[in-house]
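S.K.: After the sequence you'll find the predicted model.
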Amino acid sequence: MNIECLNVGPFQAGCYVVWGPARHALVIDPGADAATILALLDARGLDVAGYLLTHGHYDHISALAEVADKYPAPYAIHALDLKWAFGPLNQSPPYYSVPRQPSGALRILEDGQTWTDGGLSYTVIGTPGHSPGSVCFHFPNEGVLFSGDTLFQGTVGRTDIPGGDGRVLTQSLRKLAQLPPATRIVPGHGPETRLAEEFRINPFLKKSS
C-alpha cells in the first residue's frame, strides 16, 4: 500500500491518497486545497476509485466536490453525518464556507461493512463521539487504521462541539483497542503512531481499556 499525506487547509487536516498496484486511488478526507490534491493525483498517474470520509466536518470534506469534478467516483460517508455535512450548519467563516455536495454516487457507510476498492480491502469501524457518524477505515492486510478525528497521537478528537459525546467516544475507543497492537494509526491531524504506543502514552485510550 502506498500512502501519501497532504496536510490541507487552515486547520492542517490530513488528506490521504492511498493506492496499490492497480493505481486506482482512494482519497481519504479531501478537506481543502483541491488543486494540491489534484496535482498529486496527476503527478502519480492515478485515477480515483472512491472518496472515503471519516466524518463530515468541513475541514475534512470541503475539497471533495472540486476533486470529484475532475475524477468522478463514489463518495462514502455515514448517514448521521450526511444529514448536516453539506448544509448551513457546517461552516466556519472566514476559513470554510458550506461544502458543496458532489453529484456522483453516494455510498452510505455502516459499522462492520467490508469493501474492496481499487484492489484494496478495508473494514468500516463506527466510532461516534467526535461526531455522530465518525468512522475509521481499517485495512487489515496492511495493518493500517485511518482514524480520522477519533484517535490522535497522545489524545483524541474534541467532544465539546455539536454532536460530540465524550462517553460515546470512550466506547468507540474500546472497539479500536481490540485491533492488533502493531496497527499503524494514521490520524486526521498530526503525526502517525502505533496502537501499542497509544496504550502506553494516551490517557484516553488507557481510560477506555
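M.R.: The structure has been received and is ready for your questions.

S.K.: Give me the below-cutoff pLDDT ranges for the chain.
M.R.: 209 (pLDDT under 70).

S.K.: Return the residues in contact with the residue nearest the centre of the chain.
M.R.: Nearest residue to the geometric centre of the chain (CA atoms, centre = their mean): Thr54, 3.1 Å. The contact partners of Thr54, taken as CB atoms under 8 Å, 6 or more residues apart in numbering, are 28-29, 60, 134-137, 146-150, 188. The way it works is simple: take the backbone N, C-alpha and C, and place the C-beta from them, glycine included.

S.K.: make it 10 Å
M.R.: Contact analysis of Thr54 by CB atoms under 10 Å, 6 or more residues apart in numbering lists 13-14, 16, 28-29, 60-61, 76-78, 81, 109, 127, 130-131, 133-137, 146-150, 157, 187-188.

S.K.: roughly how far apart are it and Lys206?
M.R.: Distance, Thr54 to Lys206, by CB to CB, to the nearest Å: 23 Å.

S.K.: Could I get the buried residue list for stretch 35-49?
M.R.: Thr36, Ile37, Leu38, Leu40, Leu41, Leu46, Val48, Ala49 (16 or more other CB atoms under 10 Å).

S.K.: Which element, helix or strand, includes the first one?
M.R.: Under the assignment given by DSSP states H and E, the secondary-structure element containing Thr36 is helix 34-44.

S.K.: just checking, what packs against the following helix or strand past that helix?
M.R.: As assigned by DSSP H and E, the chain's next helix or strand after helix 34-44 is strand 47-52. Under the contact criterion of 3 or more CB pairs under 10 Å, 6 or more residues apart in numbering; DSSP states H and E, strand 47-52 touches strand 13-19, strand 24-28, helix 34-44, helix 64-70, strand 75-78, strand 106-109, strand 114-117, strand 120-126.

S.K.: right, and those - which one's nearest Tyr95?
M.R.: With CB to CB as the measure, strand 13-19 is the member of the helices and strands packed on strand 47-52 nearest Tyr95 (11.4 Å).

S.K.: got the angle between the closest one and helix 34-44?
M.R.: Inter-element angle recorded for strand 13-19 and helix 34-44: 20 degrees (by axes from the mean of the first three to the mean of the last three CA atoms, to 10 degrees).
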